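Novice: 3D, please:
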Amino acid sequence: MRVLNHGLIPIHYLQDNPTRSLRAYVQDYLKEEVFAEGLTRNLPAFSRFFDAMGYAHGELTNFANIVRECSIDSKTVKEYYQILLDTLVGIRVDPLRRRQHHRVISKAAKHYLFDVGVAGVLTKRCLVAEKGEQFGRAFEHFILMELVAYRSYHEVAFDIDFWRTKSGLEVDFVLAGGEVAIEVKGVKRIDGRDERSLRAFVDEYSPAKALIVCNVKAPEVHGPIRVIPWREFLYELWAGNIIR
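Specialist: So this is what the prediction gives:
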């Protein structure tokens with residue numbers, strides 16, 4: 001919960017109440033530095049975009065909605081997203097492009113910010129319990145941060161994609177073109193509904209590992225799917241047992 005509310009930037013994580021410094025970081029550093037570096041000449045427009053992007057964080061990117069929200073053209077919105085990627089403030093997760101069926105979404109990407117605490121400030125999120133939609137979104141973001149960090153620190157090259165059908169079946173993270181499929185659930189108990197998307201992916205792609213990362217107390221095996229507590233998942237990830 002501390003990670004999800006504070007983020008993993010050390011100065012914010014270590015504070016008892018980081019809200020003020022997180023807000024200052026977003027306003028005075030992220031936005032102003034982009035402007036100071038000459039990456040955009042219109043700070044008010046970029047500021048509106050940054051705030052709006054926070055609310056669309058982790059969802060399929062809808063440029064038209066951002067255009068309406070920020071009163072800027074679609075070309076500028078795409079340029080602003082690229083600025084986030086170029087400055088390592090943003091992370092883009094693309095849809096898996098492998099033997100795609102017509103029912104699979106293959107064009108719209110997802111964009112995440114580099115830190116779960118920064119995303120929380122933009123969305124005015126304050127988590128008080130390990131449940132609910134907001135907790136689930138922050139939890140998913142945290143797992144993505146760990147995947148990205150592991151890939152960087154271990155200097156291993158693998159894609160991090162997602163898979164989603166037009167009917168709404170979705171697997172949060174697909175690694176190395178389908179070698180590993182990971183569904184993140186902010187729950188303490190898994191039932192058949194939680195496995196539906198991952199089972200559909202397994203049937204179509206037969207990944208080497210199919211994992212549900214969640215808050216269960218002990219690992220479980222449900223056929224081809226392994227349900228794993230998030231702490232154990234991170235231990236295995238950093239030990240090189242999930243992907244190398």
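Novice: residues of the helix or strand hosting R231 that come out buried?
Specialist: Using DSSP states H and E, R231 sits within helix 230-238. Neighbour-count burial for helix 230-238 flags 230, 233-234, 237 (criterion: 16 or more other CB atoms under 10 Å). C-beta here means a position set from N, CA and C on the backbone, and glycine is covered the same way.
Novice: I figured E146 was touching I242, is that so?
Specialist: No: assessed by CB atoms under 8 Å, E146 is found out of contact with I242, at 10.2 Å.
Novice: Of the two, give the one with the bigger neighbour count.
Specialist: I242 (21 against 17; other CB atoms under 10 Å).
Novice: quick one: contacts for that one?
Specialist: 175, 180, 209, 211, 233, 236 (CB atoms under 8 Å, 6 or more residues apart in numbering).
Novice: repeat that for 7 Å
Specialist: For I242, the contact set (CB atoms under 7 Å, 6 or more residues apart in numbering) comprises 180, 209, 236.
Novice: repeat for G7
Specialist: G7 neighbours (CB under 7 Å, 6+ apart): 13, 22, 115-118.
Novice: Restricted to strands, list those.
Specialist: Among these, no member falls in strands (criterion: DSSP state E).
Novice: Kindly supply the PyMOL command isolating those of those residues that are buried.
Specialist: Burial among these is assessed by 16+ other CB under 10 Å; the matching PyMOL selection reads:
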select buried, resi 22+115+116+117+118
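Novice: before we move on, back to that, which residues touch the helix holding R231?
Specialist: Under CB under 7 Å, 6+ apart, the answer for helix 230-238 is 146, 150, 211, 213-215, 219, 242.
Novice: So what's the gap between the strand or helix carrying A210 and the chain middle?
Specialist: Using DSSP H and E, A210 sits in strand 209-214. Here strand 209-214 is found 16 Å from its chain centre; the criterion is CA atoms, centre = their mean, to the nearest Å.
Novice: Using PDB, write out every CA atom in it.
Specialist: Output in PDB follows, covering the C-alpha atoms of strand 209-214 (Å, rounded to 0.1, in the frame of the first residue of the first chain):
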ATOM      1  CA  LYS A 209       4.000 -19.700 -18.500                       C
ATOM      2  CA  ALA A 210       0.500 -18.400 -17.700                       C
ATOM      3  CA  LEU A 211       0.300 -16.500 -14.400                       C
ATOM      4  CA  ILE A 212      -2.200 -14.700 -12.300                       C
ATOM      5  CA  VAL A 213      -0.500 -12.300  -9.900                       C
ATOM      6  CA  CYS A 214      -2.700 -11.400  -7.000                       C
END
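Novice: pLDDT (mean, whole number) over it?
Specialist: The average pLDDT within strand 209-214 is 98.
Novice: what's the answer for stretch 13-21, then?
Specialist: pLDDT averaged over stretch 13-21 gives 90.
Novice: what's the spacing between P219 and E236?
Specialist: In this view, P219 and E236 are 10 Å apart by CB to CB, to the nearest Å.
Novice: typo on my end, it should be H222
Specialist: From H222 to E236 the distance is 18 Å (CB to CB).
Novice: Check E79 too.
Specialist: 39 Å.
Novice: The nearest residue to H154 once chain neighbours are set aside is in what secondary structure piece?
Specialist: Distances taken as CB to CB, 6 or more residues apart in numbering put G240 closest to H154, at 7.2 Å, once the chain neighbours are dropped. Here G240 is covered by no helix or strand, with elements defined by DSSP H and E.
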